[in-house]
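Q: just coords:
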């Protein structure tokens, strides 16, 4: 492939092009990553899968996409985001196409491992986009990029029509083709990020491989991971759990419950961009305080047992859960503003770990919600778990901040 790298000093136009093309690419990656949410239902019917087998089928890409973020993030720092992002999209596209040719359950699980790479693209994109922008604009840029989460809604909206018209195999083929085309477009319309080009220009060797992981010894990384476990993992978990919750707790029909869940997921993804802007303006730390305090109030209301005199009606529930989703979207952006400020030279590794933990939240929390429902008999028990998670995160953050008088992340600026 031809090299079309721009000059070393990135112009505003170059940075904007890299951001928007990366965001479109991530939207398609996220659409592929959540493909099993739609086609998995038809596959379950065709193969006669048990509930456990079905759960593994739809959960495996989420799990592998989360775990792959560490390695993909490190590779981005070493070999450049342009190469790694393109290779990741092509690999995921190939696996998605092979999925359309799978006929047995083990073959589909194997293809699902490759499909999961599409979710790992998040760590690549964060490490690639960030160096194009100065610190005071990185929150906005990463917030816009993260809004590519809306790809899940794209799949939920379009895939059922394709499935009904041509079958689930056609869905996999079309999504694979779209991602492969995007990979080619990305390669020929973007250049290497400024940090990688600077290393090539001066002949600097990449860090020793193990040194890439040195920042992970800092407890701060794991504190940020806990924030993202709630903000991203909790958001994904609620997107999956809401239809079942509304049907079981309030007697909604499945179609209405699905519409509410879709309406919850779209703004929650789009407002992530606003979270980035807000983090640049007032500081990521202030945003996180806002997120945790509002979330604590919202989950305390939602955790009330559905029995008089505590029961809340469906209208109050929907309003409260939408408020919760909104502040979660702000928190997702604020977490990565923290990472860009504290670890500008290790965004790939640190962002990969934090993204992995957040993705695991989307895998673990729905299971925990189900277990709590079975043990307690209370639908609202899932929000009690989220309240505890928020309380732990808020206390840890406040205790740490009180011990540190000044830090890189403050209102309106980064050190």
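A: Looks like it arrived, so ask away. These figures come from a predicted structure and were not determined experimentally.

Q: distance of residue 261 relative to residue 91?
A: Remark: distance between residue 261 and residue 91 (C-beta to C-beta, to the nearest Å) = 30 Å. Bear in mind the C-beta positions are built from the backbone N, C-alpha and C, glycine included.

Q: how about residue 334?
A: 31 Å.

Q: show me which of the two is the more surrounded one.
A: residue 334 (32 against 18; other C-beta atoms under 10 Å).

Q: helix or strand: which one has the more buried one?
A: helix 314-342 (DSSP states H and E).

Q: burial check on residue 158, number of neighbours?
A: So residue 158, with other C-beta under 10 Å, has 15 neighbours.

Q: and for residue 11, the neighbour number?
A: 11.

Q: and the pLDDT for it?
A: Looking at residue 11, its pLDDT stands at 73.

Q: so residue 369 makes contact with residue 384?
A: No. With contact defined as C-beta atoms under 8 Å, residue 369 and residue 384 do not form a contacting pair (10.4 Å).

Q: so if I had to pick from the two, which one is more boxed in?
A: Comparing residue 369 with residue 384 by other C-beta under 10 Å, the one with more neighbours is residue 369, at 22 against 18.

Q: wait, what's in contact with that one?
A: Counting by C-beta atoms under 8 Å, 6 or more residues apart in numbering, residue 369 touches 237, 241, 381-382, 385.

Q: narrow these to those in helices?
A: Under the assignment DSSP state H, those contribute 237, 241, 381-382, 385 to helices.

Q: circling back to that earlier point, which strands or helices does the helix holding residue 334 pack on?
A: helix 135-146, helix 219-228, helix 235-250, helix 254-282, helix 284-302, helix 347-376, strand 409-410 (3 or more C-beta pairs under 8 Å, 6 or more residues apart in numbering; DSSP states H and E).

Q: so which of the ones you listed comes closest to residue 396?
A: helix 219-228 (5.8 Å; C-beta to C-beta).

Q: gap between the closest one and the chain center?
A: On the basis of C-alpha atoms, centre = their mean, to the nearest Å, the separation between the geometric centre of helix 219-228 and that of its chain is 15 Å.

Q: what is the three-state secondary structure of residue 49?
A: With DSSP: H, G, I helix; E, B strand; the rest coil as the basis, residue 49 sits in coil.

Q: look up phi and psi at it.
A: phi -70, psi 150 (degrees, to the nearest 10).

Q: local confidence estimate at it?
A: For residue 49, the model assigns a pLDDT of 81.

Q: can you pull the buried residues of stretch 174-186?
A: 174-176, 179-180, 182-183, 186 (16 or more other C-beta atoms under 10 Å).

Q: distance to residue 166 added to the residues you listed, as JSON lines?
A: JSON lines is the format used below for the buried residues of stretch 174-186 (distance: C-beta to C-beta, whole Å):
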{"residue": "174", "distance to residue 166": "9"}
{"residue": "175", "distance to residue 166": "12"}
{"residue": "176", "distance to residue 166": "14"}
{"residue": "179", "distance to residue 166": "18"}
{"residue": "180", "distance to residue 166": "19"}
{"residue": "182", "distance to residue 166": "21"}
{"residue": "183", "distance to residue 166": "23"}
{"residue": "186", "distance to residue 166": "27"}
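
Q: done for today, thanks.
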